[in-house]
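S.K.: turn this into a structure:
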Amino acid sequence: AYMQMIFKELVKSDAIEFNLISQIDKLKETKKLTITFTDDEINKIKRHLKSNHFTFYRYLEIFFHSGSRSTEMFNIKRQDVDIENQRFKVLVKKGKINEEQWRGINKNVLTFWYELYNASETNDYIFSYNFSPGPTKIAARQVSNKWRNYVKLRLGITKNFYKLKTLHTTRVISLYN
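M.R.: Predicted coordinates for the structure are as follows:
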C-alpha cells in the first residue's frame, strides 16, 4: 500500500511514466483461528488487577466497554468528557481522514468515569501516568508493557490485551444478533 502511494505520486509528478506497483498481485493471506479468553481467565485477570493494580484494572474495564483504541483513549482530556450526557469525544484517525466522534459511556463503567473526571483538572488527560488523570500524555505501548508485566508474566496468560475488546464485541453481537 505504501509503495502504491509513492509510485502514484511519482506518476503525478512525471518522474516515471506508469505505476509498476499496480501490476503486482497481492499475496494471499491465511486467516488463523482466533483464540479467545475463557471466562475463568477473564475472572482471574480482573481479580488480580483489581486487587493489585487498580488503575490498570479501571482502564481495562473502561477500554473493554468503550469501542475505542488505546491511542484514542490516551488523547482524551477532561473537556472531551460530557459526564452529564454520558459520552466522551475521541479523535479517530483512519487513513487520510481524522474525525471527531462522540462515544457513549457504558453504564457498567460510569462510576470509573466519574472517578477520573472528578480527579482531573481542566486540561488534564484522563489517562496519564499510571492510567490516572494528569497533564502528561502517555504512549499506547504502556498498555502492552503493563499487560506483559501484570498478566502475561505473573498469571501465565499469553493472550494479548486487544483480544479482550474483540471478545466484548463478539459477545455483544451474539447477544443482540
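S.K.: quick one: contacts for residue 50?
M.R.: residue 57 (CB atoms under 8 Å, 6 or more residues apart in numbering). (Each C-beta comes from the backbone N, C-alpha and C, glycine too.)
S.K.: backbone dihedrals for it, please?
M.R.: Main-chain dihedrals, residue 50, degrees, to the nearest 10: phi -60, psi -40.
S.K.: need the pLDDT of it.
M.R.: Here the pLDDT value assigned to residue 50 is 97.
S.K.: can you list contacts of stretch 105-122?
M.R.: Contact partners of stretch 105-122, identified using CB under 8 Å, 6+ apart, comprise 58, 61-62, 64-66, 78-79, 81, 83, 86-88, 126-127, 132-135.
S.K.: could you measure from residue 44 over to residue 112?
M.R.: Distance of residue 44 to residue 112, computed by CB to CB, to the nearest Å: 20 Å.
S.K.: residue nearest the centroid of the chain?
M.R.: residue 69 (2.1 Å; CA atoms, centre = their mean).
S.K.: ok, now which ones touch the residue nearest to that residue when sequence neighbours are not counted?
M.R.: Closest residue to residue 69 apart from its sequence neighbours, by CB to CB, 6 or more residues apart in numbering: residue 140 at 7.8 Å. By CB under 8 Å, 6+ apart, residue 140 lies in contact with 69-71, 74.
S.K.: any of the contacts of stretch 105-122 buried? List them.
M.R.: Buried subset of the contacts of stretch 105-122 (neighbour count, 16 or more other CB atoms under 10 Å): 58, 61-62, 64-66, 78, 81, 88, 126-127, 132-134.
S.K.: and the helices in the chain?
M.R.: Using DSSP state H, the helices of the chain run over residues 2-12, 39-52, 54-64, 70-73, 110-119, 141-147, 153-155, 162-176.
S.K.: reformat those helices as TSV; add distance to residue 95.
M.R.: What follows is the helices of the chain, written out as TSV (distance: least, CB to CB, whole Å):
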stretch	distance to residue 95
helix 2-12	11
helix 39-52	33
helix 54-64	23
helix 70-73	15
helix 110-119	29
helix 141-147	22
helix 153-155	36
helix 162-176	20
